[in-house]
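A.B. asks: Prediction below, plus the sequence it came from.
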Amino acid sequence: MSRLCLVEDDPIMGESLADRFALEGIEAQWFRSAEEAETALVTEPFAAVVCDIRLPGLSGDRLFEQLRRCRPVLPPFIFITGFGDLSRAVELLKLGAADYMTKPFDLDRLIARVRDIIGSAAEHSEDRDRLGISKAMDRVEQMLARIAPLDTTVLVRGETGTGKEVIARRLHQLSGREPFVAVNCAALVETLAESELFGHERGAFTGATQAHAGVFEQANGGTLFLDEVGDMPLPLQAKLLRVLQERAVVRVGGRAPIPISTRVVLATHQDLEQRIADGRFREDLFFRINVVELKIPPLRERRADIPWLARCFLSDCGERRGGVPHRLAPEAKEALCRHDWPGNVRELRHMIERACIFADAEQLSAADLFEPGLGADALEAATEEPDQAATLDNYLASCERRYIESRLEDNAGRVTVTAEVLGISRKSLWERMKRLGIRKTPAERG
Ligand SMILES: Nc1ncnc2c1ncn2[C@@H]1O[C@H](COP(=O)(O)OP(=O)(O)OP(=O)(O)O)[C@@H](O)[C@H]1O
């Protein structure tokens, strides 16, 4: 789905835009009024909307606001504005519009922006079912497809937060089995662990007033996910080994073995070889569970997945809040790609979710992500070793300069928009730029 919705009442402008889109191979449907476009936008899918603000009847901005109220997810809106509509355009950005272009605008820039938006939307919708787009995750997906129909035991290894449970669930989904039962072995209470895993008969111990099926039985026919298996106490490891070998459980206090046909997926972030060397993990169990091993690389070793996962989480947040997903400013995307992610995908997910809740604007800056309330550049400057000879005033001025420069860069040098973002007047921003020696670049406007 890469069709564009163009809303423009001016016949010359509309025709030239429609022609240019056609020349560029972008399929566009042209509407002369917001009313006509509204009907199409509620019934048909569009990859993006290019919309004039001033239209006869319903205006472009009212159309956007109306649709926002009744549709949980809207295609990205790019507004075409006259100079007088600039402050309205800034408000629309805050409400979730993707961008705006001031007339007369550079058609090449508009085409590039539309391509950018349509391209990433298409790329994203195709990829939504994937685990990542890196080569490493490609290989994991290929392995999953191959082992899904078999009932082999699978060991998933990787640092904490790399997505081991996500992978176990994907394998389960691909296998077509039911049900999926997950147990965190590190959280098992030692005295109850055996009964939890293998079940117990009535009267097996004080308090066992009823017979209880353990997780192996509960997962019969499906998948049993044993997370943090590296942390399982040694006596329990011996019992687990027996169950895996015999493919049958004996409930605590019971005698008869109960056959089980459960695919067992185990996961750990522990260095099992080291734990074997330390006498904390059974070597025979290791060989038994290590039939198929899936190694999930840490996020810092598959950086291609970072912006892709970030987009997934942004769109999840957008769907949850029933609005247009937040976007990443280019510097925010770069900062994400540079970060080393010790907490892996979990850290990335939490960071994005927190930023979506607390950020004021629809476009997330690096500061929104890494240090809400304090600009990332200011933070960087503040954590840099200060020049010993610098006075406090010089040091603060350098933080202020870096922060303003980075916000100007985010907003393509537009002084009016940047002043809005910084929460100061345009005049005050000019004065600060002059005082701090920040020069306007030729590309700047506004
Ligand atoms: N490929 C992925 N796509 C989308 N979300 C992911 C992916 N990988 C991980 N996540 C998210 O990251 C978080 C951590 O994932 P998960 O619990 O599977 O990691 P884990 O390796 O099992 O962690 P731990 O070792 O701490 O148990 C979850 O919120 C999960 O939804």
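C.D. replies: Looks like it arrived, so ask away. Numbers count the residues shown, from 1 in each chain.
A.B. asks: Can you tell me which residues in the stretch 301-446 of the chain are near the ligand?
C.D. replies: Near the ligand, the residues belonging to the stretch 301-446 of the chain are 309, 312, 345, 346, 349 when assessed by Cβ under 6 Å from any ligand atom. (Each C-beta comes from the backbone N, C-alpha and C, glycine too.)
A.B. asks: How far off centre is the helix or strand where the fourth one lies?
C.D. replies: Put plainly, it is residue 346. In the assignment (DSSP states H and E), residue 346 maps to helix 344-358. Averaging C-alpha coordinates over helix 344-358 and over its chain gives two centres that are 8 Å apart (Cα atoms, centre = their mean, to the nearest Å).
A.B. asks: now do stretch 21-41
C.D. replies: From the chain centre to the centre of stretch 21-41 is a distance of 30 Å (Cα atoms, centre = their mean).
A.B. asks: mind checking which helix or strand the closest residue to residue 131 other than its chain neighbours is in?
C.D. replies: The shortest distance from residue 131 to any residue that is not its chain neighbour, by Cβ to Cβ, 6 or more residues apart in numbering, is 4.9 Å, and that residue is residue 137. Element membership for residue 137 (DSSP H and E) is helix 135-147.
A.B. asks: what packs against that helix?
C.D. replies: Contact partners of helix 135-147 among helices and strands, from 3 or more Cβ pairs under 8 Å, 6 or more residues apart in numbering; DSSP states H and E: helix 164-175, strand 292-295.
A.B. asks: now, of the ones you listed, which is deepest in the fold?
C.D. replies: With neighbours taken as mean count of other Cβ atoms under 10 Å, those reach their highest mean count in helix 164-175, at a mean of 20.
A.B. asks: what residues does that helix touch?
C.D. replies: Outside helix 164-175, the residues within contact range by Cβ atoms under 8 Å, 6 or more residues apart in numbering are 131, 140, 144-145, 147-149, 154, 156-158, 180, 182, 222-223, 225, 227, 263, 265, 267, 269, 294, 296, 345.
A.B. asks: Let me see the mean pLDDT of it.
C.D. replies: pLDDT averaged over helix 164-175 equals 94, rounded to a whole number.
A.B. asks: by how many degrees do that helix and helix 135-147 diverge?
C.D. replies: Calculated by axes from the mean of the first three to the mean of the last three Cα atoms, to 10 degrees, helix 164-175 forms an angle of 40 degrees with helix 135-147.
A.B. asks: do helix 164-175 and the ligand meet at all?
C.D. replies: Yes. Shown here: helix 164-175 in contact with the ligand (Cβ under 6 Å from any ligand atom) through 164, 165, 166.
A.B. asks: on that earlier part again, tell me how far the helix or strand that the helix holding residue 346 is followed by lies from the chain's centre.
C.D. replies: Note on helix 344-358: by DSSP H and E, the next helix or strand toward the C-terminus is strand 363-364. For strand 363-364, the gap between its own C-alpha mean and the chain's C-alpha mean amounts to 14 Å (Cα atoms, centre = their mean).
A.B. asks: Tell me the neighbouring strands of strand 363-364, and mark each as parallel or antiparallel.
C.D. replies: Strand 363-364 pairs in its sheet with strand 327-328 (parallel), by DSSP bridges.
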